[in-house]
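Peer 1: Curious how this folds, go ahead:
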Amino acid sequence: MTVFHLLRHGERSQPGLCAGRMPGIGLTERGRAEIAEVASRFTGQGIAALFSSPLQRTRESADIVASRLGLAVALHDDLIELDFGEWTGATFDQIRADPRWDAWRIHRSLARIPGGESMRQVQRRAVEALIDIGERHPEQSVVVVSHGDVIRSMLVYALGMPLDFLTRIEVAQGSLSTIRIDASGIRVLAVNDLPRLG
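Peer 2: As a prediction, this is how the structure comes out:
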């Protein structure tokens with residue numbers, strides 16, 4: 001049995017932009033506080049390993065957890081944010097004005113971001129990352145730091161839901177969701193557990 005604690009990075013800088021894989025998008029002070037609060041929950045929980053997307057905001061989040069747990073951060077390219085193609089760096093108002101937006105919003109199982117990835121591609125690599133990590137850490141608990149839609153893709157897979165239902169699941173910045181995979185199958189233990197800041 002492997003338990004995967006899926007942690008979305010904390011609040012990020014430049015919130016009005018579709019950051020995608022842009023460099024230089026880090027955590028805000030609130031984002032660091034969110035992750036520090038979540039990291040405190042892992043103390044004494046026997047976390048064996050810590051994996052992260054290679055982007056700055058996820059690496060910063062993983063580093064906060066790593067310092068709390070005394071673990072090294074292993075970067076895993078398949079946990080990276082989806083490729084937003086032509087929409088990278090655009091404002092969300094600009095994206096919603098694009099006539100191709102509705103297809104992406106409604107039909108995630110069929111649509112592809114202009115010049116970017118489809119959700120089928122994202123889900124395939126994300127689930128394969130979980131399987132890879134699980135094979136490296138059987139009978140252990142791990143923390144996986146990634147991005148909203150990447151984590152949603154793992155959750156809809158675990159729940160047996162179609163990709164078109166992906167946006168029905170909330171995965172807020174700084175939230176924690178948990179999946180267990182064992183010989184009997186896959187089980188979702190928690191979704192969108194938020195840090196409680198003062």
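Peer 1: what's near enough to touch the residue lying closest to residue 128 once chain neighbours are set aside?
Peer 2: In this structure, residue 128 finds its nearest non-sequential neighbour in residue 78, 6.3 Å apart by CB to CB, 6 or more residues apart in numbering. C-beta: built from backbone N, CA, C; applies to glycine. Residues near residue 78 by CB atoms under 8 Å, 6 or more residues apart in numbering: 125, 126, 128, 129, 132.
Peer 1: Contacts for stretch 170-178, please.
Peer 2: 3-12, 31, 34-35, 37-38, 41, 148, 151-152, 155, 188-195.
Peer 1: hang on, isn't residue 76 packed against residue 136?
Peer 2: No - with contacts counted by CB atoms under 8 Å, residue 76 stays clear of residue 136, the gap being 10.3 Å.
Peer 1: Who has more neighbours out of these two?
Peer 2: Taking other CB atoms under 10 Å, residue 76 and residue 136 do not tie; residue 76 has more neighbours (20 against 14).
Peer 1: what helices or strands is the top strand by length along the chain leaning on?
Peer 2: Ordering each strand of the chain by length in residues (DSSP state E) puts strand 185-193 first. Applying 3 or more CB pairs under 8 Å, 6 or more residues apart in numbering; DSSP states H and E, we find strand 185-193 packed against helix 148-159, strand 176-182.
Peer 1: could the ones you listed be laid out in TSV, adding mean neighbour count, mean pLDDT and distance to residue 68?
Peer 2: Output for the helices and strands packed on strand 185-193, formatted as TSV (neighbours: other CB atoms under 10 Å; pLDDT from 0 to 100; distance: least, CB to CB, whole Å):
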stretch	mean neighbour count	mean pLDDT	distance to residue 68
helix 148-159	23	98	20
strand 176-182	19	97	14
